[in-house]
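S.K.: mind folding the following:
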Amino acid sequence: MKQSEIKNLSVTELQEQLNQSKKAYADLKMAHAISPIENPLQIRGARRTVARIATELTKRELQ
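M.R.: The predicted model follows:
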């Protein structure tokens, strides 16, 4: 998910998206631990998406 897409979401949508992204990240890590996944860069992308969403939520709380 790109930063421009994240900025257009509401706070409740961001929180929902954060929960989904965290679950997807955990699932990718678990799948990779059991047997190596085909594209391990997906893990990095998922982690960065979680960070982008969390950063946007924090930014909105401070405003």
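
S.K.: now do the SS call for the residue nearest the centre of the chain.
M.R.: The structure's the chain has its C-alpha centroid closest to Val50; by C-alpha atoms, centre = their mean the separation is 2.6 Å. Secondary structure for Val50, judged by DSSP: H, G, I helix; E, B strand; the rest coil, is helix.

S.K.: roughly how far apart are it and Ser35?
M.R.: 23 Å (C-beta to C-beta, to the nearest Å). Glycine gets a C-beta too; all of them are placed from N, C-alpha and C.

S.K.: do Leu41 as well
M.R.: Taking C-beta to C-beta, one finds Leu41 at 17 Å from Ser35.

S.K.: also Ala26?
M.R.: Distance from Ala26 to Ser35, by C-beta to C-beta: 16 Å.

S.K.: ok, the two, which is more surrounded?
M.R.: In this view Ala26 and Ser35 are compared by other C-beta atoms under 10 Å, and Ala26 has more residues nearby, 12 against 6.

S.K.: which helix or which strand is home to that one?
M.R.: Using DSSP states H and E, the secondary-structure element containing Ala26 is helix 11-34.

S.K.: may I see the buried residues of stretch 9-28?
M.R.: Leu9, Leu14, Gln17, Leu18, Ser21, Lys22, Tyr25, Leu28 (16 or more other C-beta atoms under 10 Å).

S.K.: name the helix or strand of the chain that has the lowest mean pLDDT.
M.R.: Every helix and strand of the chain was ranked by mean pLDDT, DSSP states H and E. The lowest is helix 3-7, at a mean of 92.

S.K.: now that helix, how far from the centre of its chain.
M.R.: Mean-position distance between helix 3-7 and its chain equals 12 Å (C-alpha atoms, centre = their mean, to the nearest Å).

S.K.: which other helices and strands contact it?
M.R.: Contacts defined by 3 or more C-beta pairs under 8 Å, 6 or more residues apart in numbering; DSSP states H and E place helix 3-7 against helix 41-62.

S.K.: chain center to the helix it packs on: distance?
M.R.: Put simply, helix 41-62 sits 5 Å off its chain's centre (C-alpha atoms, centre = their mean).
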